[in-house]
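A.B. asks: Based on what follows, work out the 3D shape:
(one chain, ligands or ions: 2)
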Amino acid sequence: MQKTSYPALRDLSTNDENKESPAPGEAEPIEVTAAEDLMREHGILRRALLVYQESAVRLRQDPASVPPDTLEKTANLFRVFGEEYHEKKLEETFIFPAVKKAPGAAAGYVDILLAQHVRGREITEYLLSISQADKIASNSVEPLAKALESFVRMYEHHAAIEDTVVFPAWKAAVGGNELDAMGEKFEEIEHQQFGEDGFEAALRRMEEIEESLGLSNLDMFTAPPPPKT
Ligand SMILES: [Fe+2]
Ligand SMILES: [Fe+2]
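C.D. replies: Ligands and ions are numbered 1, 2, ... in the order given. The predicted model follows:
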């Protein structure tokens, strides 16, 4: 398959967002620990999964209600922020090697998590390729909806295990003093990768995508009351 290059998050940033120190009267940036950093990155990825989930439902109801370029933007964010940064630069470089050697149940998850990263990238490649068209072909609607749903199912479980088992095991393996240094290291990698605050850029990108699909009102997801018993 021919590889296409996709715009990186840094392409969306504006110069005045590259500034290092806050303007007078502006709040200082709040320190984020390494584990908190990883977990809030999952928050961005979960918002992308919500877009995938809603897109799968809408595709089946009315394929024209899901503009392919919105799917492309979401898949591109997942690639740049999720796969190339969060997975490759942080988890596969620092977290998994340390957890693999640590005692306890977490080590047993590492090979599965790695295999899921690989499968996720295959699905992202498929999404990026299918969303190049102006319109999703009618015979692609159901396979696309299924691919979106299976990706959401896999990644929700994946991130939940990382948050509750793998990251705590990594924190325990690395230990107190080293954790602060890791937090700074992660920050440095984020700057190298995105040239600014990657989290903020990804958050803005996600908000734009949600807005364009009419998904930005949290209240629309409030569940109806349960049946009366
Ligand atoms: Fe992961
Ligand atoms: Fe993760």
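A.B. asks: Mind listing what's buried along the least confident helix or strand in the chain by mean pLDDT?
C.D. replies: Among the helices and strands of the chain, helix 176-194 carries the lowest confidence by mean pLDDT, DSSP states H and E, at a mean of 90. For helix 176-194, the neighbour count (16 or more other CB atoms under 10 Å) marks Met182, Gly183, Phe186, Glu187, Ile189, Glu190, Gln193, Phe194 as buried. To be clear about C-beta, it is placed using only N, CA and C from the backbone, and glycine gets the same treatment.
A.B. asks: what does that helix contact?
C.D. replies: Residues from elsewhere that reach helix 176-194, judged by CB atoms under 8 Å, 6 or more residues apart in numbering: 8-10, 13, 31-35, 37-38, 84-85, 89-90, 94, 171, 174, 197-199, 201.
A.B. asks: Just give me the residue right at the centre of this protein.
C.D. replies: Centroid-nearest residue in the chain: Leu45, 2.5 Å away (criterion: CA atoms, centre = their mean).
A.B. asks: Next up, the contacts around the closest residue to Leu213 other than its chain neighbours.
C.D. replies: Closest residue to Leu213 in three dimensions, ignoring its sequence neighbours and counting by CB to CB, 6 or more residues apart in numbering: Thr70, at 5.9 Å. Contacts here follow CB under 8 Å, 6+ apart; on that basis Thr70 touches Val51, Ser55, Ile209, Ser212, Leu213.
A.B. asks: cutoff 7 Å now
C.D. replies: If a contact means CB atoms under 7 Å, 6 or more residues apart in numbering, then Thr70 has Ile209, Ser212, Leu213 as its contacts.
A.B. asks: Just send the residues you listed back as JSON lines, with neighbour count and distance to Arg119 too.
C.D. replies: Below are these laid out as JSON lines (neighbours: other CB atoms under 10 Å; distance: CB to CB, whole Å):
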{"residue": "Ile209", "neighbour count": "19", "distance to Arg119": "23"}
{"residue": "Ser212", "neighbour count": "14", "distance to Arg119": "28"}
{"residue": "Leu213", "neighbour count": "19", "distance to Arg119": "25"}
